[in-house]
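Peer 1: Fold the following.
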Amino acid sequence: MNKDVLAIHGGPAAVGEEPRDLFLWPIITEADEQAVLSVLRNRSMSGTEITKRFEREMAEWLGVKYALGYCNGTAGILSALWACGIGAGDEVICPSVTYWASAAPVLSLGGAVNFADIDATTLCIDPEDIEHRIGPRTKAIMVVHYAAHPCDMDRILPLARKHGLLVIEDASHAQGSLYKGKACGTFGDISIMSLMTAKAFAIGEGGMVFTNDRHLYERCISYSFYERTGTGSEFFSPDNQLTEPELMKFAGIPAGACKHRMHQMSSAVGLEQLKHYDERIAEIDEAMSYFWDSLEGTPRLSAHRISKADGSCMGGWYYAQGLFDERGLPPGSLAKICAALRAEGAGACAPCKNGPLHLHPYFNELDIFGLGTPTQVTFASRDLRQARGSLPRAEGITDHSFSVPWFKHPDRAAIDRYVEAFRKVFGHADEIAGN
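Peer 2: Purely as a prediction, here's the structure:
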């Protein structure tokens, strides 16, 4: 049978059965297993001594003063927002295309989210769509280094400083990503990383908050870590990491009414993963770069990646994306393209699944506090809800961006089969879209 015939038309699949080792992640060794067993045998699952060591090593790795380990990245975002003073009626500017956890905690604190559009090439917040959104109650900009691509920090930071706004970095997709030689997660006043199993830096379940600001660090402790506020218990000896009197008077009870500490089986895995992370993501980068270099010039297809010429990079390439030139084609064309790619054996291919959040009922209708009005407007000085058509690039994300294979090893022979599948499908893109 002619190998050029599309699999959706009965032709042979270019990839066939996907090689599991090419995508297996995280890499778990005997050292990881022994680290977890040690925690279990020492009955120290809920302790802090391993987590504190992990925090110190992560801070050193990233190049910041302070790091705090959380049960997950979402808790870290909530804590960071509170540390930044976000409360009833305060506004945070956030991209509409991101995982819900970048924005939803704002409402939990009584704040409101002012969603901005994205740049069609980077998929990150569009700096051109920020300044006109700033109002008297705007306190912070939430930047998300989406799908490992660094934001345009050269344009965002001056805007924030001009208007006295805090910059919060959600670097959950970008562990190891660099913007002009500087690590993502070190640009803002405070940053957060999710470290759950699917991420590039994967420890099982967990998150991390980073900052160089002692005040923000102490507020995060006060919000999330009662065991570090100076009050001992039968489980923890006194551990006072607070110096601010306004926070110390509430010692013993977390301001957020929840304990957010990281489970020590996760931090134990984190310590082992950190030893090898840079070398492992170097392999990912080699593999992904080879894939995209091989597809240069493919009709209607471009890579979602940043140029390395100025010292930037995509880190671990989490949630690797491709960009589809949908111009002149009907809506839904990308879904058909992805179905054809999956038929060829590229099982990861699907239209982008994050956002647009500004259209989700959560941010338009949900009444968290039972006060009779949507929380997005309950305490706000203005209604920030936006109708369909207001953020066109975010709203068109499912016709423009799609997930591609996230290769973990530079096995060129195996990757070449995926390259063949992509060339085959995109060579018939207009035909597929017209079906």
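
Peer 1: show me the contacts for the closest residue to residue 349 other than its chain neighbours.
Peer 2: Nearest non-adjacent residue to residue 349, counting by C-beta to C-beta, 6 or more residues apart in numbering: residue 341, 4.0 Å away. Bear in mind the C-beta positions are built from the backbone N, C-alpha and C, glycine included. The contact partners of residue 341, taken as C-beta atoms under 8 Å, 6 or more residues apart in numbering, are 349, 421, 422, 425.

Peer 1: Now name the helix or strand holding residue 341.
Peer 2: Following DSSP states H and E, the helix or strand that holds residue 341 is helix 333-343.

Peer 1: CA-only coordinates of that helix in CSV, if you can.
Peer 2: Taking Å, rounded to 0.1, in the frame of the first residue of the first chain, the C-alpha atoms of helix 333-343 are listed here in CSV:
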residue,chain,number,x,y,z
SER,A,333,-10.1,22.4,11.0
LEU,A,334,-7.4,21.9,13.6
ALA,A,335,-9.4,19.2,15.3
LYS,A,336,-9.6,17.3,12.0
ILE,A,337,-5.8,17.7,11.5
CYS,A,338,-5.2,16.4,15.0
ALA,A,339,-7.5,13.4,14.4
ALA,A,340,-5.4,12.6,11.2
LEU,A,341,-2.2,12.9,13.2
ARG,A,342,-3.5,10.5,15.9
ALA,A,343,-4.5,8.0,13.1
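
Peer 1: gap between the residue nearest to residue 349 and residue 334?
Peer 2: Look at residue 341 and residue 334: by C-beta to C-beta, to the nearest Å, they are 10 Å apart.

Peer 1: Repeat that for residue 298.
Peer 2: Taking C-beta to C-beta, one finds residue 298 at 15 Å from residue 334.

Peer 1: circling back: in strands, which of the contacts of residue 341 fall?
Peer 2: Secondary structure from DSSP state E places none of the contacts of residue 341 in strands.

Peer 1: Pull the number of nearby residues for the nearest residue to residue 171 once chain neighbours are set aside.
Peer 2: What sits nearest to residue 171 in space, not counting adjacent residues and going by C-beta to C-beta, 6+ apart, is residue 185, at 3.9 Å. By the criterion of other C-beta atoms under 10 Å, residue 185 has 29 neighbours.

Peer 1: how far away is residue 185 from residue 105?
Peer 2: For residue 185, the distance to residue 105 - C-beta to C-beta - is 18 Å.

Peer 1: Okay, now the sheet partners of the helix or strand just after the helix holding residue 341, with direction.
Peer 2: Using DSSP H and E, the helix or strand that follows helix 333-343 in sequence is strand 350-351. Using DSSP bridges, the strands paired with strand 350-351 are strand 401-403 (antiparallel).

Peer 1: Give me the contact list for the partner strand.
Peer 2: Outside strand 401-403, the residues touching it (C-beta under 8 Å, 6+ apart) are 123, 304, 319-324, 334, 337-338, 348-353.
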